[in-house]
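Undergrad: I would like the atomic coordinates for the input below:
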Amino acid sequence: MAKSVRAIRTSARAAWLPTGRGLQDAVWQRRHRGIVMLLWAHAVGLALFALIRGYSAYHAVADAGVIALLALAASYPAGSARLRSAIATLGLISSSAVFVHLSGGVVEAHFHFFAMIGIITLYQDWVPFGLAIVFVAIHHGVAGTLDPSGVYNHYAAVNNPWKWGLIHGGLVLFASAANVYAWRLNEESAGEAEAYRQRLEEAKRRRQSALEINDNVVQGLAVVTSALALGQDALARSAAERTIAAARVIMSDLLDDETDTIVAGSLRREVAAAAQ
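TA: Model prediction:
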């Protein structure tokens, strides 16, 4: 019974949840570049918003400076993709926290968290996604305890910040379900596209091999047959040697495997000892 339950859970996860293995490097680079640009835009926008809200220039620079530093760190090329994704994620969620703080904790400002979670799923990686969810719950609890009016603008949350921090984290997680499922569909689409590309490459390779066999082997055998019919043994022998050499090259390319080699001077196949 326990095995059946585990099998059902595993099947459900496979059907609904993404693998979270991340993106191909070229795809990740494009998405990360866009997210970092968004992070820089937040740094500038939050500084202006702070000034509009009547905060001092020092306060505006301090709040926006944290976001700018995270954007700078996320841009540093020496870090791994996952580390840079996590730093950018921290920057986006911190932008939401700063926005809520500068707005005076109004409910509408909290929707910024939801928007940033959707953007973070573009990384298709569980690490930054999980970091964002945990950050929301901890931020609402810790910041709500230290400065309740900077996170919430209603009495219940101000008096019980950790409870409402968990509620907000749960709501963000629940609202992220659609993003996670879309992430899963993106993974499937990418896998199907890659499989299709491989099939096209294989079809192209087979067609090229068929043409090479026709041009180098079939035509070579035709020359051998004609030469033998005319009694030109030397020409037939020379054509046969060229045909065999061409066939050996074509078959070696088709095998494309270090464990299979075509022995020079014959069409006999040798299998490496490691593969036996």
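
Undergrad: Which is the succeeding secondary structure element to the one helix or strand A178 maps to?
TA: Using DSSP states H and E, A178 maps to helix 177-212. Using DSSP H and E, the helix or strand that follows helix 177-212 in sequence is helix 219-229.

Undergrad: May I see the buried residues of the next helix-or-strand element following that next one?
TA: Note on helix 219-229: by DSSP H and E, the next helix or strand toward the C-terminus is helix 233-255. Using 16 or more other C-beta atoms under 10 Å as the test for burial, helix 233-255 gives A236, A239, A240, T243, I244, A246, A247, R248, I250, M251. Every C-beta, even on glycine, is put in place using the N, C-alpha and C of the backbone.

Undergrad: same check, this time on stretch 192-212
TA: For stretch 192-212, using 16+ other C-beta under 10 Å, the buried residues are E212.

Undergrad: That one: how far from the chain's middle?
TA: Centroid separation between stretch 192-212 and its chain, computed with C-alpha atoms, centre = their mean, to the nearest Å, is 25 Å.

Undergrad: Over to stretch 218-226?
TA: Here the centre of stretch 218-226 is set off from its chain's centre by 52 Å, with C-alpha atoms, centre = their mean.

Undergrad: pLDDT of that stretch, averaged?
TA: The pLDDT scores in stretch 218-226 average 78.

Undergrad: Can I get it in PDB? Just the C-alpha atoms.
TA: C-alpha atoms of stretch 218-226 as PDB (Å, rounded to 0.1, in the frame of the first residue of the first chain):
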ATOM      1  CA  VAL A 218      26.900   2.200 -56.300                       C
ATOM      2  CA  GLN A 219      28.700   4.100 -59.000                       C
ATOM      3  CA  GLY A 220      32.000   2.600 -58.100                       C
ATOM      4  CA  LEU A 221      30.500  -0.900 -58.400                       C
ATOM      5  CA  ALA A 222      29.000   0.000 -61.800                       C
ATOM      6  CA  VAL A 223      32.600   1.000 -62.900                       C
ATOM      7  CA  VAL A 224      33.900  -2.300 -61.600                       C
ATOM      8  CA  THR A 225      31.200  -4.300 -63.500                       C
ATOM      9  CA  SER A 226      31.800  -2.400 -66.700                       C
END
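
Undergrad: Name the residues that touch it?
TA: L235, A236, A239, A240, R242, T243, A246 (C-beta atoms under 8 Å, 6 or more residues apart in numbering).

Undergrad: Identify the residue spatially nearest to the fifth one, adjacent ones excluded.
TA: It stands for R242. The spatial neighbour of R242 that comes closest, neighbours along the chain excluded (C-beta to C-beta, 6 or more residues apart in numbering), is G220 at 6.0 Å.

Undergrad: can you check the first one too?
TA: Residue nearest to L235 in three dimensions, not counting chain neighbours: A227, with 4.1 Å by C-beta to C-beta, 6+ apart.

Undergrad: T243 is in contact with the one you found, correct?
TA: No - look at A227 against T243 with C-beta atoms under 8 Å: they stay out of range, at 11.4 Å.

Undergrad: ok, back up a step: so the residue nearest to L235 versus V249, what's the distance?
TA: To V249, A227 is 22 Å away according to C-beta to C-beta, to the nearest Å.

Undergrad: Which of the contacts of stretch 218-226 lies at the shortest distance from E188?
TA: Distances from E188 to those, taken as C-beta to C-beta, are shortest for A246 (42.8 Å).

Undergrad: Skipping its backbone neighbours, what lies nearest the closest one in space?
TA: Per C-beta to C-beta, 6+ apart, closest to A246 is N216, 3.7 Å.

Undergrad: ok, now which ones touch the one you found?
TA: Residues counted as contacts of N216 (C-beta under 8 Å, 6+ apart) are T243, A246, A247, I250.

Undergrad: Distance check, the first one against R82.
TA: Looking back up the chat, that one is T243. Plainly put, T243 is 54 Å away from R82 if you go by C-beta to C-beta.

Undergrad: Break down the stretch 1-150 of the chain into its helices, ranges please.
TA: Along the stretch 1-150 of the chain, the stretches classed as helices by DSSP state H, counting those that start in this stretch are 2-16, 25-52, 57-75, 81-103, 111-120, 126-146.
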